[in-house]
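Enquirer: Provided below are the primary sequence and the corresponding predicted coordinates.
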Amino acid sequence: MLKEMGLSSIDDLFSDIPEEVRRTEVLPLPEPQSEEEILADAQRLLGANIDLDSRPSFLSTGLARNFVPTMVGMLATRGEFLTAYTPYQPEVSQGMLQAMWEFQTMISELVALPVSNVSMYDASTSAAEAITCAVRVKGRKAEQKGVVYVSQFVPPHRLSVIENYTQGGGIELRILQHGENGQIDLEAAHVAAGACAVYVEQPNAFGQLDEGITRLKEIIGEHTALIVGVDAVSLGIVEAPGNYGADIVVGEGQPFGIGPTAGGPLYGLFACKMDYLRQMPGRIVGKTLDEDGRDAFTLTLSTREQHIRRHRATSNICSNETLIALMGAMHMALLGPEGLERLALRVAAATEATKKAICS
């Protein structure tokens, strides 16, 4: 290599580095090792870590640790999925596009809304993008121009992202109050009628199921968007937000398909009513028929800035977390409706047992 570069020694290669900062002694590296020795050393080093297998975590408002079938990892590493190629050319990507479409279909069924995209970065960006989307759709007719109400109990890390998205867009955030019992104050919620949107979470950051959310749409009216952030697993036993009037549903998809993995990668969920279709962020896969009458899948309604002029784009979100979302789709498919219900019941039972242990 040195010869090809026209150099005679390794010192010539690093000659542009001043001698006073150049290390001259031989690095104290160990002798070459066999694979078995390397693995033993790696396991010794990793043994110093505190992981979720050896100690439970009660951090909350963050990531969930659910069992993920080995099949998910095996399928996700197939060459058809694990690729750097983004499927802009539908004629060569039908399998990938169909898998993305299946993900959208599962999310739509889960939240009872007709449209889903192929994921966002995480729950926080999903919530922030939902708010800006709602303002674009409802802003013109809203009595409270540019005003969005957010739940008092939105976790700080999520609220920080929402503020980052809205502060430069002329959107004013106001707080929707809760009562002393943690439930939304429905009397106080009347103040949100006429705003662009209301963002609430079900269950809230304290793990409470808020029955008042199911009546919120009646209070704020049709001209104010109801955005609900959900715990995806809870939908195995809890009413789907679309059934009680939610216009947009967002959430963290991580409980399906992947472990906490040191905080990422994640993927966010985003589904909405048809009224918001042309203003929703991210990519959407559509299904149609080709000239031979066969099912055909393609990216459609792509309003990201990579596809159209930046000032007309609904979002600058990129290829995002598609592979991770597909892992979620695989996990959901393996669970099925009954498996999802069992998982939700198990989480609820574990929560109740933990509460009793803490209070005893």
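Expert: It's in.

Enquirer: how near is Thr61 to Ala127?
Expert: Counting by CB to CB, to the nearest Å, the separation of Thr61 from Ala127 is 13 Å. (Each C-beta comes from the backbone N, C-alpha and C, glycine too.)

Enquirer: so between those two, which is more surrounded?
Expert: Using other CB atoms under 10 Å as the criterion, Thr61 and Ala127 rank with Ala127 on top: 28 against 16.

Enquirer: tell me which stretches of this protein form strands.
Expert: With DSSP state E as the criterion, the chain has strands at 115-116, 144-151, 172-176, 195-202, 225-231, 248-252, 268-272, 284-289, 295-300.

Enquirer: so where do the helices sit in the stretch 201-350 of the chain?
Expert: Listed from the start of the chain, the stretch 201-350 of the chain has helices (DSSP state H, counting those that start in this stretch) covering 216-220, 322-359.

Enquirer: mind listing residues that contact the first one?
Expert: So that's helix 216-220. In this structure, residues lying in contact with helix 216-220 by CB atoms under 8 Å, 6 or more residues apart in numbering are 184, 186, 189-190, 192-193, 195, 198, 200, 226, 244-246.

Enquirer: report the buried residues of it.
Expert: Of the residues in helix 216-220, those with enough neighbours to count as buried (16 or more other CB atoms under 10 Å) are Leu216, Lys217, Ile219, Ile220.

Enquirer: with the longest one instead?
Expert: By neighbour count with 16+ other CB under 10 Å, helix 322-359 contains the buried residues 322-333, 335, 340, 343-344, 347-348.

Enquirer: and the angle for that helix with strand 225-231?
Expert: Direction vectors for helix 322-359 and strand 225-231, defined by axes from the mean of the first three to the mean of the last three CA atoms, to 10 degrees, enclose an angle of 70 degrees.

Enquirer: helices and strands around helix 322-359, which ones?
Expert: For helix 322-359, the contact count by 3 or more CB pairs under 8 Å, 6 or more residues apart in numbering; DSSP states H and E identifies helix 70-76, helix 94-111 as packing neighbours.

Enquirer: will you turn those into a markdown table that also has mean pLDDT and distance to Leu269?
Expert: Listed next are the helices and strands packed on helix 322-359 as a markdown table, based on pLDDT from 0 to 100; distance: least, CB to CB, whole Å:
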| stretch | mean pLDDT | distance to Leu269 |
| --- | --- | --- |
| helix 70-76 | 94 | 17 |
| helix 94-111 | 95 | 6 |
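
Enquirer: of these, which stretch is the most buried?
Expert: Most buried of the helices and strands packed on helix 322-359, by mean neighbour count (mean count of other CB atoms under 10 Å): helix 94-111, with a mean of 20.

Enquirer: got the angle for that one vs strand 284-289?
Expert: When the same axes, to 10 degrees is applied, the directions of helix 94-111 and strand 284-289 differ by 110 degrees.

Enquirer: tell me who's in contact with Glu25.
Expert: Contacts for Glu25 (CB under 8 Å, 6+ apart) come out as none.

Enquirer: got phi/psi on it?
Expert: Comment: the main-chain dihedrals of Glu25 come out as phi -70, psi 160, following degrees, to the nearest 10.

Enquirer: confidence score at it?
Expert: If you check Glu25, the pLDDT there is 84.

Enquirer: re earlier: for Thr86, find the nearest of the strands of the chain.
Expert: Go through the strands of the chain one by one with CB to CB and the one that ends up closest to Thr86 is strand 295-300, at 9.3 Å.

Enquirer: the closest one pairs with which strands?
Expert: In the sheet containing strand 295-300, the strands it pairs with under DSSP bridges are strand 284-289 (antiparallel).
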